[in-house]
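Novice: Next one to model:
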Amino acid sequence: MSVEVTAIEAVLFVFVIATALVTALARDVLSSIIVFGAYSLGMAVLYTFYRAPDVALTEAAISAGVTTVLLLLTIAKTSRIDHEAVFEAVDWPAATVVGVLCAAMLATVAHMPAVGDPEAPVWSNSEVTGYYLANTYADTGVENTVMAVLASYRGFDTFGEAVVVFAAGVATMVVLHREVFS
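Specialist: The predicted structure is shown next:
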């Protein structure tokens, strides 16, 4: 089975990869934060394209919105170091490791089912999918199956994610109380 990449997907992939590289290589922290926000919005659009609006909204709200604002506030509360160079020098051993990992991940893309493929694993195990669709409301009292899976069936996982977000918020508040970093 071959997976066709549409022009929109290709443009989104190039945009996301380019913004990720600029975020990683930019020497100016403010520039990195702004480009990171653009990266997050690109990912949100990509998730929307792949019919995952719940993930897209989370990406847009948390990564592009809250995280970018918190990072900008942190920069406003701390001092910025002026750099002459625009980009960092590339650490070639690290870039090689990243390149190998990216190549390994891209090699798996050809084996992924197309969006909406009826033979995709989520549909091929009709017992599990059918159970969630048939019993979500009776088990949880929640009409939206996606929300029921996140909040009830995967409650401990979602709680763990909430703890991580809370810890990040506390750490950000600690950072914001400091006026200048040396």
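
Novice: residues touching the residue positioned nearest the centre of the chain, list them.
Specialist: For the chain, the residue sitting closest to the mean C-alpha position, by Cα atoms, centre = their mean, is E59 at 5.7 Å. Residues counted as contacts of E59 (Cβ atoms under 8 Å, 6 or more residues apart in numbering) are 40, 43-44, 47. Every C-beta, even on glycine, is put in place using the N, C-alpha and C of the backbone.

Novice: could I get these as a markdown table with pLDDT and distance to A110?
Specialist: Shown next, in a markdown table, are the contacts of E59 (pLDDT from 0 to 100; distance: Cβ to Cβ, whole Å):
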| residue | pLDDT | distance to A110 |
| --- | --- | --- |
| S40 | 92 | 27 |
| M43 | 92 | 21 |
| A44 | 92 | 25 |
| Y47 | 89 | 21 |
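
Novice: In contact with T19, which residues are there?
Specialist: For T19, the contact set (Cβ under 8 Å, 6+ apart) comprises 35-36, 38-39, 42.

Novice: Redo those as TSV? Include secondary structure, pLDDT and neighbour count.
Specialist: As requested, those are arranged in TSV below (DSSP: H, G, I helix; E, B strand; the rest coil; pLDDT from 0 to 100; neighbours: other Cβ atoms under 10 Å):
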residue	secondary structure	pLDDT	neighbour count
V35	helix	92	20
F36	helix	92	21
A38	helix	93	17
Y39	helix	93	24
G42	helix	93	22
